[in-house]
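Undergrad: Okay, here's the prediction I keep looking at, along with the sequence it came from:
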Amino acid sequence: FGRRTRMAIAAARPVGIALITGVLFALHGMNQARVAQALAEQRRNDAEALIQYMLGDFADKLRPLGRLDLLDSVGAKALDYLAAQDTSGDAGSLLSRARALRTLGEVRTTRQQYAEAESALKAADDLLAGALAAAKPDPELVFEAAQIAFFRGTNAYRQDDIPGTAPYWRRYLELAERLSELEADSVRGRTEIAYALTNLGVLAERQDDFSEAISRLEAALTIRRSLIQGPDDPLNEDLARALSWLARVRAVTGDVAGSWEAAVEAVAVIETHRRAGGDSASAQSTEANHRLILAGYEQQLARPERAIAELIRARALAEALVANDPTQPRPQLQLARISYSLALIPELSRAETERTYRIADTARRLLEGKNITNVERLELDVLDAANVLRLNSPTPATLDRAEEVLQRLLDTPLESAGSLVNLLRAAASICESLDATRAERSAEWRARLRKVLEQMPVSRHRSLAHLTLLRRLSPPERQVELDARIAELRATVPVIDRP
């Protein structure tokens, strides 16, 4: 028995050793698999963190630089990565995917690729719809949904689709208020509310609801002033924009002094911000635009020297923006508008007029084939025709071309009152050049253009811009009465020296 037992034990030893060895190898393999899985998870987490950074902080750094090419690349690469991952049920990946789509939509909106923008933004909206239905959703998802609503509204607004804009911008305010509630009245939530109120103020102005517009804009200004920490705070750009919109609405209501004061403050705010270290592409563009607007007010007030000074500063800023990225149409369009407007001021020297016109003409030619709206292209053509007639002795060809663009103006439906006034102002310059050689035709064009101006809503007839333009398009017998009304409005604005 003992021998058989020893033999059995001896026989069992190899089997036991084999079993133990197998278990050890299995345990080692399992451990290696766990290590590999943990490593893969870590790599995925690191990649997700990088995606979040690229779509968040890094994208925020690119926006002020105006580098749409890089921003577009960030969104596209992030979306490619996320599409290759299994992200079902993952809230973080859902946010990243929506943010990547929104970034692509933002870039396409800025580039005026509106159909592509709407496609990307709608896809982002659809992704977040289920998560937002929760009683207490993740604030980051609410914030992202608010940005999507803003850009969908902006996409419609830039196409003059006001009915299409309204629901998205109202939703933007609703989501901003919800964000503020979820984050206990945070700075971010209040900032978003201010943005949304400004947008709704702009929308109300387009709908001729001026009391609503002023109420919304003043509420936004109150929030913005309470949030700004100093001159280098990026929120100063938004404050300047809101002030400029308030100036515009006050101007329409006939509050010339209040309009001019808000416009002056807008320029002062953005210039101080830029000089304090916020010299980004966004700040430069904002300042150039506000100086262009202020120059328009100064011209209405019969102060051409001030208008020239503002436009020369605006032109320098616009030239710097174009030099930063010559491929983008918006900076080129801004440079062309500013330069054409400056060259049309009679008090500008001949040499400076010629130089400024060349800058405008170059920018206009570089925009050929670019994606700008038909109204924007018409605006450039009207401005160019007006400048050509002023600079050179009119020829039959240049006169015929000028009359052709006037006809195009009359044939083009315009939704924006602001665009119409700008076009009519340039058209008035053409008529003034036609006086010397085609007086009868000039009188006919003035009558037709005046009819268009007078067909604007009566609520807009009180502005100084409307009255000064009406005077330029009216026969001499009516100008006397208009002169008295214009002088009365101009007298309300203080004469203050500006640096």
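TA: Yep, it's here.
Undergrad: where's the residue nearest the centre of the chain relative to residue 230, distance?
TA: For the chain, the residue nearest the mean C-alpha position is residue 110 (7.1 Å; C-alpha atoms, centre = their mean). Going from residue 110 to residue 230 by C-beta to C-beta, to the nearest Å gives 28 Å. For the C-beta atoms, the positions are set from N, CA and C on the backbone; glycine is no exception.
Undergrad: And residue 152, by the same measure?
TA: Using C-beta to C-beta, residue 152 is found at 33 Å from residue 230.
Undergrad: Show me which of those two is the more surrounded one.
TA: Ranked by neighbour count (other C-beta atoms under 10 Å), residue 152 and residue 230 place residue 152 first, with 26 against 11.
Undergrad: Test my guess that the more buried one contacts residue 120.
TA: No. Between residue 152 and residue 120 there is no contact under C-beta atoms under 8 Å: 10.1 Å.
Undergrad: Check which residues of stretch 370-382 are buried.
TA: Judged by neighbour count using 16 or more other C-beta atoms under 10 Å, the buried positions of stretch 370-382 are 370, 372, 375-382.
Undergrad: all strands of the stretch 251-400 of the chain, in order?
TA: Taking DSSP state E, counting those that start in this stretch, the stretch 251-400 of the chain contains no strands at all.
Undergrad: quick one: low-confidence parts of it?
TA: By pLDDT under 70, the stretch 251-400 of the chain has no low-scoring segment.
Undergrad: Which parts of it are helices?
TA: Here the stretch 251-400 of the chain has its helices, by DSSP state H, counting those that start in this stretch, at 256-275, 281-300, 304-324, 329-343, 350-366, 374-391, 396-411.
Undergrad: next structured bit after the last one?
TA: Scanning the chain past helix 396-411 towards its C-terminal end, the next helix or strand to appear is helix 417-434 (assignment: DSSP states H and E).
Undergrad: just checking, what packs against the helix or strand just after that next one?
TA: Once the chain leaves helix 417-434, the next helix or strand it forms, by DSSP H and E, is helix 439-454. On a contact count with 3 or more C-beta pairs under 8 Å, 6 or more residues apart in numbering; DSSP states H and E, helix 439-454 meets helix 396-411, helix 417-434, helix 464-473.
Undergrad: Out of the ones you listed, which is closest to residue 305?
TA: Evaluated over these, closeness to residue 305 peaks at helix 464-473, with 17.2 Å, by C-beta to C-beta.
Undergrad: got the contact list for residue 332?
TA: Residues in contact with residue 332 (C-beta atoms under 8 Å, 6 or more residues apart in numbering) are 322, 326, 363, 366-367, 370.
Undergrad: which one of those has the most neighbours?
TA: residue 363 (25 neighbours).
Undergrad: Can you tell me the closest non-neighbouring residue to that one?
TA: For residue 363, ignoring the flanking residues on the chain, the nearest one in space by C-beta to C-beta, 6 or more residues apart in numbering is residue 336 at 3.9 Å.
Undergrad: Let me know how buried the residue nearest to residue 347 when sequence neighbours are not counted is, in neighbour terms.
TA: Spatial nearest neighbour of residue 347, excluding adjacent residues (C-beta to C-beta, 6+ apart): residue 304 at 4.3 Å. Neighbour count of residue 304, defined by other C-beta under 10 Å: 15.
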